[in-house]
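>>> structure, please.
(one chain, ligands or ions: 2)
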Amino acid sequence: MGRLFSFSLLSFLPLLILFSILNAKPAKGFPLSTNSRWIVDDQSGQRVKLACVNWASHLEPVVAEGLTKKPVDVISRGILAMGFNCVRFTWPIYLATNDSLAFLTVRQSFQNLGLTEAIAGIQTNNPSIIDLPLIEAFQAVVSNLGDNNVMVILDNHITKPGWCCSNTDGNGFFGDQYFDPQLWINGLTKMATLFNGVTNVIGMSLRNELRGPKQNVNDWYSYMQRGAEAVHSANPNVLVILSGLNFDKDLSFIRNQPVSLTFTGKTVFEVHWYSFTDGQAWVNGNPNQVCGRVVNNMKGSSGFLLDKGWPLLVSEWGVDLRGTNVNDNRYLNCILGVLTELDLDWALWTLVGSYYLREGVVGLNEYYGVLNWNWGEIRNSSFLQRISFLQSPSRGPGLSERSLHKVIFHPLTGLCVLRKSYFDPLRLGPCTDTEPWNYTPQKILYLKGTYFCIQSNGLGKPAKLGIKCTNSNTRWEIISDSKMHLSSKAKDGTTVCLDVDSSNTLVTNTCKCLGTDKTCDPASQWFKLVDSTRSSTTTKSFLQFNPSLDLPGKDFLWKLFDSF
Ligand SMILES: *[C@@H]1O[C@H](CO)[C@@H](O)[C@H](O)[C@H]1NC(C)=O
Ligand SMILES: *[C@@H]1O[C@H](CO)[C@@H](O)[C@H](O)[C@H]1NC(C)=O
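Ligands and ions are numbered 1, 2, ... in the order given. Got it, this is the predicted structure:
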């Protein structure tokens, strides 16, 4: 504790450099468009993966949160240093349609809410912003993100400034007290026009979490199509992002009736997915079963869009980063598997370490925030490690440095299966160092391009590479409802699952939680075989750890082994 943010930034500098290489897509430059399920750079056609973080600016003060704690430029650089390339930046309709709100200064807005301490904080940290009108303060943040090569999605979160969302807050659906469709169209048009030509604004999401008693599919089509057309005609460069019904859980209706729009190549759907989307299901059920069921539901209500050739942005997901919420912890291990397997675009909730004012509480601590209360430290760096693999793309247009292979991802740690040499036990390490694996129809996990495969060696024993790849101890079934266990038979015939010991060495143990037990946690045994066409990002030679094998004779050596 007590690290200053500038120091944290320094310690993340290697990551920063890495990600500027990995994402290799400047925020400034070309607009984005869609190519089937992928979001791509208009000009090069190469995939741009959105790895965003939500930054709220839609609460009562209508000021981007955190500006009382740190200079905007420090926050922007921190976003990039933490591996995100994009911000989903929220705004209320009134910011665009109510001039007496839009032209309040930041100082006046805080004063009106009695937030006197906030005034002192913003005076210290962002003196150039304190006397700007709210709309210009909003623009200043977008502009600073652009200077730092961070892309922005402008998200219309609500109409009337305030915390969102409930079924009865009057902001839920077209026709609600604060949700006049025409005002909404006017607001979208105004915002799209204002940011036309601001190149780092790459998308606009039309409305957050449609909900409430008035929601219905017919109105969804008529208003969302109108909103989409309005945004596109005011600013044809941005991606137009459409959210579903029921708090943005449900887009199943698109299966029967596609959206009808005059433009193509710009439409993206978004979905929200939290642990509490399924109530307390995670803590009240067996994690394998709940993961299997919830993922199936998600595929039916939104994931199917990928197969239909639409990009899907998981624009809100996240957990209590203290790690004390079991419902969240179990969900996290499962959703990380899905986000990596489908290589989805996403936006984490949230950047925000604390709010100026939320639901009547001044300075509310946001335990879902990647920054801590004072915006000066990273709240939980192990969480950042766990999401770092999904911050870069695994596949997609233009990303084919290597032929299709598997990466073996371990959501509990965010690490991937690596080998140290051909003879040492396998272990987990940074996914950036990963080797290509091949999962054959016979269910053998080969180190791709070699005769070496993963073998189990009995209960509690390390898993190693071997060259006898036809026995039951080299056949890895994907089992359990979660489809995240890799199971084989040890030499003595017992069924075992791939697992990880406390030193991150791969071992095989008794498979966990295959029954209906609600108290057990299988996460150490959850792996995802992720399709990838990316090369490992390190420059290390393929055989660095065992140079003697890196000699011209290695092919001969492998063939020799195989003939045993
Ligand atoms: C416009 O904003 C001002 C300042 O916040 C507020 O007093 C007023 O009620 C708003 N008007 C509407 C129609 O919401
Ligand atoms: C970070 O999260 C992990 C669980 O993922 C938890 O065990 C740990 O205590 C958390 N660290 C902090 C500082 O909250």
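
>>> okay, CA-based contacts and neighbour counts for the rest of this
Will do.

>>> for this structure, which residues are neighbours of ligand 1?
Asn98, Ser100, Leu101 (C-alpha under 6 Å from any ligand atom).

>>> which positions in this protein make contact with ligand 2?
Leu321, Arg322, Gly323, Asn380, Ser382, Phe383.

>>> so for the third one, what pLDDT did the model give?
Spelled out, that is Gly323. For Gly323, the model assigns a pLDDT of 98.

>>> mind listing the helices for the stretch 201-350 of the chain?
In the stretch 201-350 of the chain, the helices defined using DSSP state H, counting those that start in this stretch lie at 217-234, 245-248, 281-284, 287-298, 304-307, 326-341.

>>> could you export those as JSON lines, including mean neighbour count and mean pLDDT?
Below are the helices of the stretch 201-350 of the chain laid out as JSON lines (neighbours: other C-alpha atoms under 10 Å; pLDDT from 0 to 100):
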{"stretch": "helix 217-234", "mean neighbour count": "18", "mean pLDDT": "98"}
{"stretch": "helix 245-248", "mean neighbour count": "22", "mean pLDDT": "98"}
{"stretch": "helix 281-284", "mean neighbour count": "18", "mean pLDDT": "98"}
{"stretch": "helix 287-298", "mean neighbour count": "20", "mean pLDDT": "98"}
{"stretch": "helix 304-307", "mean neighbour count": "16", "mean pLDDT": "98"}
{"stretch": "helix 326-341", "mean neighbour count": "22", "mean pLDDT": "98"}
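
>>> mind putting those helices into a markdown table with distance to Val53?
Shown next, in a markdown table, are these (distance: least, C-alpha to C-alpha, whole Å):
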| stretch | distance to Val53 |
| --- | --- |
| helix 217-234 | 22 |
| helix 245-248 | 17 |
| helix 281-284 | 24 |
| helix 287-298 | 21 |
| helix 304-307 | 22 |
| helix 326-341 | 15 |
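
>>> and Asn126, which of those helices is closest to it?
Closest to Asn126 of the helices of the stretch 201-350 of the chain, according to C-alpha to C-alpha: helix 217-234, at 31.2 Å.

>>> and the residues of the chain next to ligand 1, which is closest to Cys520?
Nearest member of the residues of the chain next to ligand 1 to Cys520, counting by C-alpha to C-alpha, is Leu101, at 52.0 Å.

>>> now the closest one: closest residue in space that isn't a chain neighbour?
Leaving out its chain neighbours, the residue that sits closest to Leu101 by C-alpha to C-alpha, 6 or more residues apart in numbering is Leu95, at 6.3 Å.

>>> correct me, but that neighbour touches Pro133?
No: using C-alpha atoms under 8 Å, Leu95 makes no contact with Pro133, being 10.4 Å away.

>>> give the residues shared as contacts by those two.
Residues within reach of Leu95 and of Pro133 at once, by C-alpha atoms under 8 Å, 6 or more residues apart in numbering, are Ala102.

>>> and the residues of the chain next to ligand 1, which are buried?
Leu101 (16 or more other C-alpha atoms under 10 Å).

>>> which residues of the stretch 51-200 of the chain fall in strands?
With DSSP state E, counting those that start in this stretch as the criterion, the stretch 51-200 of the chain has strands at 51-55, 86-92, 151-158.

>>> how about those strands in CSV, adding distance to Glu359, mean neighbour count and mean pLDDT?
Formatted as CSV, the strands of the stretch 51-200 of the chain follow (distance: least, C-alpha to C-alpha, whole Å; neighbours: other C-alpha atoms under 10 Å; pLDDT from 0 to 100):
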stretch, distance to Glu359, mean neighbour count, mean pLDDT
strand 51-55, 17, 27, 98
strand 86-92, 16, 27, 98
strand 151-158, 15, 26, 98
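
>>> can you put the ones you listed in a markdown table and add distance to Asp278?
As requested, the strands of the stretch 51-200 of the chain are exported to a markdown table (distance: least, C-alpha to C-alpha, whole Å):
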| stretch | distance to Asp278 |
| --- | --- |
| strand 51-55 | 21 |
| strand 86-92 | 24 |
| strand 151-158 | 22 |
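
>>> among the ones you listed, which comes closest to Phe423?
Phe423 lies closest, by C-alpha to C-alpha, to one member of these: strand 51-55, at 36.7 Å.

>>> give the pairing partners of that closest one; include direction for each.
strand 86-92 (parallel), strand 345-348 (parallel) (DSSP bridges).

>>> distance from the following helix or strand past the shortest one to the middle of the chain?
Beyond strand 345-348 on the C-terminal side, the first helix or strand identified by DSSP states H and E is strand 357-358. The chain centroid and the centroid of strand 357-358 are separated by 25 Å, computed with C-alpha atoms, centre = their mean, to the nearest Å.

>>> ditto for stretch 307-326
Per C-alpha atoms, centre = their mean, the displacement of stretch 307-326 from the mean C-alpha position of its chain is 6 Å.
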